[in-house]
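Trainee: Build me a structure from this.
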Amino acid sequence: MTPKTRACLLILLISALCGLALGGAIWYRSRALSPAAMFKRLPTDDAVVLYIDFKNLRAGGILQLLDGAKVGEDQEYKSFVRQTDFNYKEDLDTAMVAFAPKGKYMLLKGRFDWKSLKNYVLGNDGRCNNSFCKMAGSSPEKRISFFPMQANLMAMAVSDDDAAALRMNTVDARGDAEIPNAPLWLSIPPSVVKSGQSLPPGTQMFARSLERAQAVTLAIVPEEHDQFAAKLHVRCASATDASALAAELNKTTGLLREMIEREHQKANPDDLSGFLTSGAFRSEGARVSGYWRIPRALIENLLGGN
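Mentor: Numbering: from 1, shown residues only. Prediction:
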């Protein structure tokens, strides 16, 4: 083989490697991250994680119920929409948010006008370095940072660290998490369950029963006849703990029904009294599952502030 031939082969090899690298980058930036892959990029220690599939909820008519919500009336939000041409009701497809002790971390999938977003940051005394942007929030401990992880995927953080969004560039090395197949779900860490903080009124009595749980997930799923259901999944340390938890949750639900009856009232399926008293629980091995009915009227009342 002549030196000229070797040089040609070397050039071809380098070109092929560059092409593969470029193709790999394009493939990564175009492939859709699954909810499980998104979850592994969020800092989830002691964090409540919320997942919302706006695309499916939009198709089911649920997002239309938010037309009267405060976010649509907020002047700051209206200004943001006007300057960036972004409206979550139309442009956001999915969102996964980790409410961590030191900030909020978000992976937002949808349609973004990155140039307008960058101009918005620069027009509000923020800074952008290439595609990474940061700006001040409404208070000193609320520093906003974001960057395009993919063309249709934004990594955003609100924290006292103005580079917090970069944490989501790292993939968690722990094993795959159990991700519900549902358009709306909530993962609650044991630390939050035990503290009982930020839980809605009427649910604390159920939270006390979950104090020994290792993992808690609550998912909202669509059912027939325009109805929905809430499904609880709890992982316990042992089958004995799971059996005791299911029994305690069923007992708590029964006590709640008795309390309402003693007041000579009847649980209303269109408010939280009907929702909480409809619960049914069972254990299987070290796991507990729970089920509540959710009439559409209940969703309309909750979103409408009734």
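
Trainee: any weak-confidence spans in the stretch 151-300 of the chain?
Mentor: Flagging of the stretch 151-300 of the chain using pLDDT under 70 yields the residue ranges 174-176, 194-208, 264, 269-270.

Trainee: if you set the cut-off to 90 instead, what comes out?
Mentor: Across the stretch 151-300 of the chain, the ranges flagged by pLDDT under 90 are 170-183, 188-215, 220-229, 237, 252-279, 293-300.

Trainee: What segments of it are strands?
Mentor: Using DSSP state E, counting those that start in this stretch, the strands of the stretch 151-300 of the chain run over 153-159, 184-188, 215-223, 227-235, 280-284, 287-294.

Trainee: As TSV, those with distance to residue 170 and mean neighbour count would be great.
Mentor: For the C-beta atoms, the positions are set from N, CA and C on the backbone; glycine is no exception. Below are those laid out as TSV (distance: least, CB to CB, whole Å; neighbours: other CB atoms under 10 Å):
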stretch	distance to residue 170	mean neighbour count
strand 153-159	11	22
strand 184-188	19	21
strand 215-223	22	17
strand 227-235	25	18
strand 280-284	35	16
strand 287-294	30	19
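
Trainee: As CSV, those with distance to residue 133 would be great.
Mentor: Shown next, in CSV, are the strands of the stretch 151-300 of the chain (distance: least, CB to CB, whole Å):
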stretch, distance to residue 133
strand 153-159, 10
strand 184-188, 28
strand 215-223, 33
strand 227-235, 37
strand 280-284, 46
strand 287-294, 39
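
Trainee: out of the ones you listed, which comes closest to residue 273?
Mentor: Among the strands of the stretch 151-300 of the chain, the nearest to residue 273 by CB to CB is strand 287-294 (11.9 Å).

Trainee: Pull the residues that contact the closest one.
Mentor: 213, 220, 227-236, 242, 245-246, 249, 269, 274-276, 278-283 (CB atoms under 8 Å, 6 or more residues apart in numbering).

Trainee: try 6 Å this time
Mentor: Around strand 287-294, the neighbours that count as contacts under CB atoms under 6 Å, 6 or more residues apart in numbering are 228-235, 242, 245-246, 275, 278-281.

Trainee: Can you list the strands that that strand pairs with?
Mentor: Partner strands for strand 287-294, per DSSP bridges, with pairing direction: strand 227-235 (antiparallel), strand 280-284 (antiparallel).

Trainee: Can you check which of these gets nearest to residue 257?
Mentor: strand 280-284 (12.0 Å).

Trainee: got the CA coordinates for that closest one in PDB?
Mentor: Taking C-alpha atoms only, strand 280-284 is exported to PDB below (Å, rounded to 0.1, in the frame of the first residue of the first chain):
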ATOM      1  CA  ALA A 280     -60.800   0.900  48.200                       C
ATOM      2  CA  PHE A 281     -57.400  -0.700  49.000                       C
ATOM      3  CA  ARG A 282     -55.700  -4.100  48.700                       C
ATOM      4  CA  SER A 283     -52.300  -5.500  49.200                       C
ATOM      5  CA  GLU A 284     -50.300  -8.000  47.100                       C
END
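
Trainee: how about the helices of the stretch 1-150 of the chain, start to end?
Mentor: All helices of the stretch 1-150 of the chain, identified by DSSP state H, counting those that start in this stretch, fall at 3-30, 35-39, 54-59, 75-84, 88-91, 114-123.
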